[in-house]
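# For reference, the sequence and a predicted model appear below.
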Amino acid sequence: MQQPYQQHAGHDSLHGRPAVQCGAAAAPGSSRRQLGRAALRQRQPQQACTVVCSAANTLTGNGSLPLADKRILVTAPRQYATKLTTKLLEAGARPLWLPTIQIAELQHEPSQQALLESLRDLSRYDHLAFSSKNGITAVLGALQSWLGTREAAVEHIERSGIKCWALGADAEVLLEAGVKEVHRPREPSTQGLVQELIRCGEAQEKRVLCPVPRVLRPLVEPDVVPRFLTSLAQAGAEAVRVDAYETGVGCMPATCAAEWELLMEGELHAIAFSSTAEAQGLVHLMGGVGFVHQAVRAHSVVLAAHGPYTAAGAASVLGVPVTCVSRDSSTFDGLVEALSNTIGGVPTPRQQWQMTEGAKLLRRAQQQGGAVLPAGPSFDEAWKEDAPPEVWPA
């Protein structure tokens with residue numbers, strides 16, 4: 001006797017989605033993909049919500065959250081992914097982390113020596129301008145390695161008289177370390193920092209030390225840092241660049257087969273970028289810009305960016321418009337809110353088909369007494385047979 005198609009209750013280990021319960025009923029001749037999709041898509045989409053739910057509201061049901069059941073690919077490095085994925089979870093999303101880049105300490109010995117040399121006498125500079133939290137961590141770490149303790153590192157900064165600048169919430173890292181005064185530009189971006197220096201009369205003939213990343217191949221340094229240094233020079237300042245940490249590809253392409261499949265099959269609602277380099281890393285890991293471009297176009301995957309500069313950079317890398325952009329880029333709350341307003345409660349064409357046809361399939365199965373699902377073609381073959389062309393493009 002033919003055995004029913006069974007899968008352990010819980011979650012599919014490859015795709016991270018709820019597993020089909022053992023012995024699930026389906027209409028005779030139904031494909032396994034039809035059964036799985038029908039079971040997953042019974043819920044109707046939620047209405048978009050402009051309010052990102054607070055972590056304090058722990059008893060809110062998932063179905064009431066603005067990003068309920070939305071699969072969002074997070075490409076940020078570990079240092080940022082933790083905060084972003086937490087906020088996405090609080091909004092009901094199902095984030096999937098693919099570290100397309102990684103942030104690490106300097107391994108290049110000449111760069112290590114250059115960083116330490118620039119930090120020995122900070123009194124030579126008027127401003128210490130950090131363009132990222134990673135730069136802050138790297139500078140504090142280098143000073144601590146040299147002076148022995150974190151307290152000695154902070155005292156070295158304070159005694160020099162240099163003015164520290166950081167973007168948005170990054171300033172909290174310096175304050176928590178013990179730095180007494182940290183300046184923040186009104187616009188939390190490198191260009192906003194330049195404009196704030198100009199507004200305060202602190203740009204002309206001032207020396208500005210800028211700890212920035214050393215970008216490793218195959219990545220190419222995004223335009224953000226060169227444009228930052230150029231803008232400082234145009235404002236009359238002397239911008240002193242120093243590599244403080246390294247940015248490279250986050251993992252090997254051979255380890256990304258599952259994420260590649262999810263992207264190509266239209267299982268992702270959105271991809272969230274916190275930097276331009278992440279878009280470069282995604283292209284490298286997914287096998288080229290052509291694959292990413294095809295998947296985004298075919299499945300209406302929303303591209304989201306943390307701020308307008310990241311949006312512009314990612315769009316130039318991918319050749320596809322980045323339509324979801326956070327208005328407030330001081331924290332990831334703005335990005336989560338932008339995603340909630342863009343994809344909250346909005347199903348893709350494929351999901352709409354799954355919900356309507358899947359419901360019909362379950363009704364037929366119930367009417368016919370819950371027939372056992374027979375062996376059938378592969379998931380991919382079954383889906384292409386069942387779905388119309390506009391849902392699964394050839």
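Right, received. Where do you want to start? All figures in this text were calculated on a predicted structure; none of them were measured in a lab.
# Would you quantify the distance from the residue nearest the centre of the chain to L268?
Centroid-nearest residue in the chain: V74, 3.4 Å away (criterion: CA atoms, centre = their mean). V74 sits 11 Å away from L268, going by CB to CB, to the nearest Å. Every C-beta, even on glycine, is put in place using the N, C-alpha and C of the backbone.
# Need the residues touching each of these two.
L96 (CB atoms under 8 Å, 6 or more residues apart in numbering).
# for the residue nearest to the centre of the chain, phi and psi?
The phi/psi pair for V74 (degrees, to the nearest 10) reads phi -100, psi 120.
# That one contacts R94, correct?
No - V74 is beyond contact range of R94, at 10.7 Å (criterion: CB atoms under 8 Å).
# Three-state assignment for L73, please.
strand (DSSP: H, G, I helix; E, B strand; the rest coil).
# Skipping its backbone neighbours, what lies nearest it in space?
The shortest distance from L73 to any non-neighbouring residue, by CB to CB, 6 or more residues apart in numbering, is to I271 (4.5 Å).
# Local confidence estimate at the residue nearest to the centre of the chain?
We note a pLDDT of 98 for V74 in this prediction.
# swap in S330?
Per-residue confidence (pLDDT) for S330: 83.
# got the buried residues for stretch 99-111?
Neighbour counts using 16 or more other CB atoms under 10 Å place 99-104, 106, 111 of stretch 99-111 among the buried residues.
# oh sorry, the question was meant for stretch 113-133
Those would be 114-115, 118-119, 122, 125-133, for stretch 113-133 by 16+ other CB under 10 Å.
# Between the buried residues of stretch 99-111, which sits nearest G307?
Among the buried residues of stretch 99-111, I101 lies closest to G307 (CB to CB), at 16.6 Å.
# Need phi/psi at that closest one.
phi -140, psi 160.
# Show me what it is bridged to.
V249 (DSSP bridges).
# May I have the residues that are in contact with it?
Applying CB under 8 Å, 6+ apart, the residues near I101 are 75, 77, 219, 247-250, 275, 277-278, 280-281.
# Name the member of these with the most neighbours.
E278 (31 neighbours; other CB atoms under 10 Å).
# so what's that residue up against?
Per CB under 8 Å, 6+ apart, neighbours of E278: 75-77, 100-101, 314.
# Excluding chain neighbours, give the residue nearest to it in space.
Nearest to E278 is T75, by CB to CB, 6+ apart, at 4.0 Å.
# so what's that neighbour up against?
Neighbours of T75 in contact, by CB under 8 Å, 6+ apart: 98-101, 271-274, 278-279, 281-282.
# out of those, which are inside helices?
278-279, 281-282 (DSSP state H).
# Give me the three-state assignment for D328.
coil.
# neighbours around it, how many?
Neighbour tally, D328, other CB under 10 Å: 15.
# Ok, A257 next?
The tally of other residues near A257 (other CB under 10 Å) stands at 10.
# Before we move on, what's the pLDDT of it?
95.
# Could you point out the helix or strand that follows the helix or strand where G141 lies?
In this assignment (DSSP states H and E), G141 forms part of helix 133-147. Downstream of helix 133-147, the next assigned helix or strand under DSSP H and E is helix 150-160.
# What average pLDDT does that following helix get?
Mean predicted lDDT for helix 150-160 stands at 98.
# try stretch 283-301
pLDDT averaged over stretch 283-301 gives 96.
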